[in-house]
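Chemist: let's see this in three dimensions:
(2 chains)
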Amino acid sequence: MAVLDVQGLQTHFFTHGGVVKAVDGVDLRVEAGEILGLVGESGSGKSITGFSVIGLIDPPGRIVGGHIRYLGEDLVGAPERRLRALRGKEIAMIFQDPMMTLNPVLRVDTQMVEAIHAHEKATAKAALARARDALAMVGIPSPGERLRAYPHQLSGGMRQRVAIAIALLNHPRLLIADEPTTALDVTIQAQILYEVQKLCRETGTAMVWITHDLAVVSGLADRIAVMYAGRIVESGPAAAVIGSPSHPYTRGLVDSIPTRATHGTLLRQIPGMTPSLLNLPPGCAFRPRCGRASDECLMVPQAAPGPAGKVVRCWNS
Amino acid sequence: MLEQLMTETAPVNATPSTAPPAATPLLQLRGVSKRFVQDIDLAARIANLLGAGHRASVVHAVADVDLEILPGEVIGVVGESGCGKSTLGRVIAGITPPTDGSVSFLGKPVAAMDAAERRAWGLGVQMIFQNPMASLNPRLRVLDIVGEAPVVHGLVKAAQKAAYVEALLHQVGLDPAYAQRYPHQFSGGQRQRIGIARALALKPRLIVCDEAVAALDVSIQAQVLNLFLSLRRELALTYLFISHNLGVVGHVSDRVVVMYLGRIVEVAPTAILFSAPRHPYTRALLSELPTLERTRRTYLPIQGELPSPLAPPPGCAFHPRCPQAMPRCKVEAPVLRSLRPGHASACHLDDPVTLPTT
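Modeler: Numbering: from 1, shown residues only, chains lettered A, B, ... in the order given. Alright, predicted model coming up:
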C-alpha cells in the first residue's frame, strides 16, 4: 500500500478578488522509502499541495475536493484530533526557513523534548537522549552541546539540520520537505541532500521534496512530478521526466537551466510568464506560452499515460 | 604593497600603450581590501578600564584582491554567502570605498581623479541588485525610476525623458506603456527588467550584477539571462556577474573568480575552471553543483561550514575543510600564484616546492 495516495486534490482560496484555484486536481503517489520530487515555479501550487497533505490550510483556503489517503486512511474531512495525532508523529514537515519554524526564545533541547512529549510519555532523560541521537543522525557535530544552544547561535545550515532532526524525532513514515535547501549555500545544500538521501534509504521513510530547482531533484528523487498553475502536467520516473520531457512546459524548464554547456548561447526560454491563478486562461493553462498549442488546447487536457511510465497532461505530447 | 603600487601604476599612467595586456583594463583593482570594524561600546570601554580587554571586532570582507576587468568581457564571481563577493562588487561600483588598495578606471586610479573623471567612473559603472523590490523606490513611477538619473546628469533633456525611458523599456523587453506604473504592479522578472533599464539609462561601460537572477523562477531567469547576453552584444557591455550559482556563472562568464573568506582562491577562463580546476575549494564546489542528471547520484559533500569571518582560521582559510590539507596549510597563507596565462590559484599544492613530493 502506498504511504501517500492523493487523488483529485482541490484546494481553493475564497478571496475577495475571487476564487483562487491554487491546487486543482492533483494526483500523487509515494511508496515507502521513495523520494518524490514535486517541482514547480512560484505560484504553481506545489507548497499548497504539501500543506494540504499535512492539514495546514487556513481560511480563506479550503480543500474542496479529492482524497488524501495516508496508508489507506482518508485525511480529507478527518477530525482535527486525528490530524493532530498524525502531524509530527506519522507525517512530518520541513519548511524553507528554519529561523521562522524554530522558536527563537527556546533552547534546542526544550523544543525537541516538547515535540516528543506531544505524542508519547517519555522520561525527560530518555527524551533528551533521543533528541541527541536525532541531532547526530543529521550530521551535527557534538550534539550534546548543540542541544543547549538557542537557534540564533546556530548557522543557517545547522538550523535547518535541527529542523530536520525535529521532524525525524518521532520516526515519521512520511516526510514533506518544502524547499528545505533553497536558502542554503551549495556546500551546505549538498551536506543536507546527503543526509536526507541516506536517511530515506536506511529508514524507509517516504518523502515528498518540494522545490523549484529541477537540478536538485534530478539527482535525489526516484520520481518527479511537475506542477503548473495548480495541476500536475507531467509525472513519472526521474530519468524519463528529465531525460525526455513529454510536456512542453517540462521541456521548457529543462532548456531554461543555464549550465557550463550552454555557455555563449541564448537559452531556449519559455515566453511570457506564469498566469495569475485568479485569471487562468480557459483550457490548458500553459496554452498562451506554448509553442505546440492547437485548437484542442482550449479544452482542459486530461492526465493520460505517456511514454516510459509517465503520466502527461497535454493534447499534443 | 603601497610602494609596489606606486612603482607599478606610475609608468602605466605615463604611457598607457605599454601595458602588457593588449587592451587597457576597463577597471583594475590592486591590493583592494575592505574591513568592517565594529567599535566597542561604552560598557565594554568601561569594562576595559577595569582590565576586561575587549577589542573592536574586525571583519575582512575583502582581503588583498587584485583583478583586471578587460573591456567586453564577462567576469563571474562565485563563492558562498559571506565570502565577500557582494562587497567586492560594491567596491567596484564605487558604493563602498575600499579600506586599502586602489581602484583604477580606464587606467587612472580613483584617488588621482578630478571631479569630471570621478563622475565618468560613477556613471560608467552601474549596479543591478538581487532584490528589485528593495532596490526600486516603491513611491516612484517607472518613468522617474529609470529617467531621473540621466536627466540629473545631463544625458537627456527633461523634455525628452519620456521618449528616452520608452526606448529603454522597449530595449529590456517591457511594454513602454508601463512607464506610468509603480514597482508593486510588476512581477519579479519585470521588476528586474526595470532595474536593468535603470542601469542602462546612464550608458555604463561596466555593469555589476549582484545575484541579479537569484530570486527569479527558472523560466524567468532564462529570459533575463538571455536579455543580459543580447544587451551585451548590442551595447558592447562588460559585466561583473556575482552569483552563488555555478551553473549561471558558467553560462554567462568568460572568466571566473572563486572567492573564499574575502580572498580570491582561483581565477581561470571558464572552460579551464570547469574542466581543470586546481584549488580544492573550486573542485568541491564543482562536484556539489546540482546538475540535471538522468540517474540518482550520491552526494559526497565537503565537511564543515564556512568559518566566521570574524575569526578566520590561521594559514589557508580553507584548511579546516580541505581534504588535502598539509601541516604547512595551518601556518602559512598561500598566495595567488599564476599557473599559466590567465589561470591562477592560491594553494600550497601548486607550489613548485611542494609539487615534487606529491
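Chemist: what's the first-to-last distance across stretch B:139-157?
Modeler: The first and final residues of stretch B:139-157 sit 23 Å from each other (CA to CA, to the nearest Å).
Chemist: CA atoms only: put stretch B:202-217 into PDB for me.
Modeler: The C-alpha coordinates for stretch B:202-217 follow below in PDB (Å, rounded to 0.1, in the frame of the first residue of the first chain):
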ATOM      1  CA  LEU B 202      23.300  56.000 -17.700                       C
ATOM      2  CA  LYS B 203      25.100  54.400 -20.700                       C
ATOM      3  CA  PRO B 204      27.500  52.400 -18.500                       C
ATOM      4  CA  ARG B 205      30.600  50.600 -19.700                       C
ATOM      5  CA  LEU B 206      30.500  48.100 -16.800                       C
ATOM      6  CA  ILE B 207      27.500  46.600 -15.100                       C
ATOM      7  CA  VAL B 208      27.900  44.900 -11.700                       C
ATOM      8  CA  CYS B 209      25.100  42.300 -11.400                       C
ATOM      9  CA  ASP B 210      24.900  41.200  -7.700                       C
ATOM     10  CA  GLU B 211      22.800  38.000  -7.700                       C
ATOM     11  CA  ALA B 212      20.700  39.600 -10.300                       C
ATOM     12  CA  VAL B 213      18.800  36.400 -11.200                       C
ATOM     13  CA  ALA B 214      18.900  34.600  -7.900                       C
ATOM     14  CA  ALA B 215      15.400  35.500  -6.800                       C
ATOM     15  CA  LEU B 216      13.700  34.600 -10.100                       C
ATOM     16  CA  ASP B 217      12.000  31.500 -11.200                       C
END
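Chemist: and that stretch, what's its mean pLDDT?
Modeler: Per-residue pLDDT over stretch B:202-217 has a mean of 89.
Chemist: for that stretch, which positions count as buried?
Modeler: Buried residues in stretch B:202-217, counting neighbours by 16 or more other CB atoms under 10 Å in any protein chain shown, are found at B:202, B:204-213, B:215-217. C-beta here means a position set from N, CA and C on the backbone, and glycine is covered the same way.
Chemist: same thing with stretch B:272-279?
Modeler: Neighbour-count burial for stretch B:272-279, counted by 16+ other CB under 10 Å, picks out B:272-274, B:277-279.
Chemist: helix/strand/coil for residue A:36?
Modeler: Secondary structure for residue A:36, judged by DSSP: H, G, I helix; E, B strand; the rest coil, is strand.
Chemist: and it, how many residues sit next to it?
Modeler: Using other CB atoms under 10 Å in any protein chain shown, the number of residues around residue A:36 comes to 23.
Chemist: contact partners of stretch A:143-160?
Modeler: Contacts to stretch A:143-160, defined as CB atoms under 8 Å, 6 or more residues apart in numbering or on different chains, come from residues A:94, A:98-99, A:102-109, A:112, A:128, A:131-133, A:135-136, A:140, A:162, A:180-181, A:183-185, A:188, A:191-192, B:305.
Chemist: got a PyMOL select line for the buried ones in these?
Modeler: A single PyMOL command is used to select the members of the contacts of stretch A:143-160 judged buried by 16+ other CB under 10 Å:
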select buried, (chain A and resi 94+98+102+107+108+109+112+128+131+132+135+140+162+180+181+183+184+185+188+191+192) or (chain B and resi 305)
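Chemist: okay, domains of chain B per the record?
Modeler: Using automatic domain parsing, the domain ranges for chain B come out as B:2-260, B:261-290+B:300-358.
Chemist: can you list these in JSON lines and add distance to chain A?
Modeler: Written out in JSON lines, the entries for the domains of chain B read as follows (distance: least, CB to the nearest CB, whole Å):
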{"stretch": "domain B:2-260", "distance to chain A": "3"}
{"stretch": "domain B:261-290+B:300-358", "distance to chain A": "4"}
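Chemist: tell me the domain ranges of chain A?
Modeler: Split into domains by automatic domain parsing, chain A comes to A:4-90+A:173-280+A:288-312, A:101-169.
Chemist: redo those domains as JSON lines? Include mean pLDDT.
Modeler: Conversion of those to JSON lines gives the following (pLDDT from 0 to 100):
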{"stretch": "domain A:4-90+A:173-280+A:288-312", "mean pLDDT": "89"}
{"stretch": "domain A:101-169", "mean pLDDT": "89"}
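Chemist: dump the ones you listed into JSON lines; add distance to residue B:342 as well.
Modeler: Listed next are those as JSON lines, based on distance: least, CB to CB, whole Å:
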{"stretch": "domain A:4-90+A:173-280+A:288-312", "distance to residue B:342": "16"}
{"stretch": "domain A:101-169", "distance to residue B:342": "34"}
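Chemist: among the ones you listed, which is nearest residue B:241?
Modeler: Between residue B:241 and the domains of chain A, the tightest spacing by CB to CB is seen for domain A:4-90+A:173-280+A:288-312, at 11.1 Å.
Chemist: measure stretch A:68-88 end to end?
Modeler: 17 Å.
Chemist: all the strands of the stretch 151-300 of chain A, residue numbers only.
Modeler: Assigned strands in the stretch 151-300 of chain A, in chain order: A:174-178, A:206-211, A:223-228, A:231-237 (criterion: DSSP state E, counting those that start in this stretch).
Chemist: pipe those strands into CSV and attach distance to chain B and mean neighbour count per row.
Modeler: Converted to CSV, the strands of the stretch 151-300 of chain A look like this (distance: least, CB to the nearest CB, whole Å; neighbours: other CB atoms under 10 Å in any protein chain shown):
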stretch, distance to chain B, mean neighbour count
strand A:174-178, 15, 24
strand A:206-211, 10, 26
strand A:223-228, 10, 26
strand A:231-237, 10, 25
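Chemist: nearest to residue B:104, out of these?
Modeler: Closest approach to residue B:104 among these is made by strand A:206-211 (43.4 Å; CB to CB).
Chemist: now the angle from that closest one to strand A:223-228?
Modeler: Orientation check (axes from the mean of the first three to the mean of the last three CA atoms, to 10 degrees): strand A:206-211 against strand A:223-228 gives 40 degrees.
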